[in-house]
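Chemist: model this:
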Amino acid sequence: MQQLLRRIIRLGKVTEELDLPEKAISTVNALSTGSIKLRHVDCGSCNGCEVELSMCFSPIYDLERFGVSLTASPRHADGLLVTGIVAMNMKGPLIDAYRAVPSPKVVIAVGDCACDGGSFSESYAHAGSCGDYFDITLKIPGCPPEPSDIIRAIRRISAR
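Modeler: I've put the predicted structure just below:
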């Protein structure tokens, strides 16, 4: 146990830097909280991204230690964490959740489906990607993206 504690003290937080677009940095600077609360909205995914997101908040990766947490209400959130294509039946709830988040707000698209439709873009239930309805602050591509990629991107936003 002492060896582990010594190693933690010696290494500190081991994470890599991630280049973010200037738009994402300026939006988060407007929030200027040091921590960020996100409302997760699944718009019609295959649940691959949700499994990876749940790993981000598990004891193994522990995203909450960086001040990032999920909230149940969009009215208490600093932004949205969107996964999946926007299905016809989720178009309205997504727009309602976006309107309920107070400004300034951050919109993070997790996975290829949320970014540009991914492999489900030809589906009959596809109503577009979330970028078709509002501006996306940060895109995290991947099918699904790994928890370390998600954490690096969100941590970089919340640290500003």
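Chemist: rest of the way, CA atoms for contacts and neighbours
Modeler: Noted.
Chemist: remind me which residues of this structure are low pLDDT?
Modeler: Residues of the chain meeting the criterion pLDDT under 70: 1-2, 4-34, 158-160.
Chemist: so where do the helices sit in it?
Modeler: Ranges of helices within the chain are 2-11, 22-31, 48-56, 91-100, 112-116, 147-158, based on DSSP state H.
Chemist: quick one: the last one to helix 48-56, angle?
Modeler: So that's helix 147-158. For helix 147-158 against helix 48-56, the angle by axes from the mean of the first three to the mean of the last three C-alpha atoms, to 10 degrees is 70 degrees.
Chemist: Just give me how far helix 147-158 sits from the chain centre.
Modeler: Its chain's average C-alpha position is 8 Å from that of helix 147-158, according to C-alpha atoms, centre = their mean, to the nearest Å.
Chemist: do the same with the third one
Modeler: Averaged C-alpha coordinates place helix 48-56 at 10 Å from its chain's average position (C-alpha atoms, centre = their mean).
Chemist: could you dump it to PDB, C-alpha only?
Modeler: Taking C-alpha atoms only, helix 48-56 is exported to PDB below (Å, rounded to 0.1, in the frame of the first residue of the first chain):
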ATOM      1  CA  GLY A  48     -21.800   1.400 -27.500                       C
ATOM      2  CA  CYS A  49     -21.000   4.900 -26.500                       C
ATOM      3  CA  GLU A  50     -23.100   4.600 -23.300                       C
ATOM      4  CA  VAL A  51     -21.000   1.600 -22.200                       C
ATOM      5  CA  GLU A  52     -17.900   3.700 -22.700                       C
ATOM      6  CA  LEU A  53     -19.400   6.700 -20.900                       C
ATOM      7  CA  SER A  54     -20.400   4.500 -17.900                       C
ATOM      8  CA  MET A  55     -16.800   3.300 -17.800                       C
ATOM      9  CA  CYS A  56     -15.700   7.000 -17.600                       C
END
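Chemist: what sits up against that helix?
Modeler: 42, 61-63, 83-84, 110-111, 143-148, 150-151 (C-alpha atoms under 8 Å, 6 or more residues apart in numbering).
Chemist: Among the residues you listed, the buried ones, what's the ChimeraX command?
Modeler: To isolate the buried subset of the contacts of helix 48-56 in ChimeraX, counting by 16 or more other C-alpha atoms under 10 Å, use the following:
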select :42,62,63,83,84,110,111,144,145,146,147,148,150,151
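Chemist: If anything else comes up later, I'll come back, but that's it for now.
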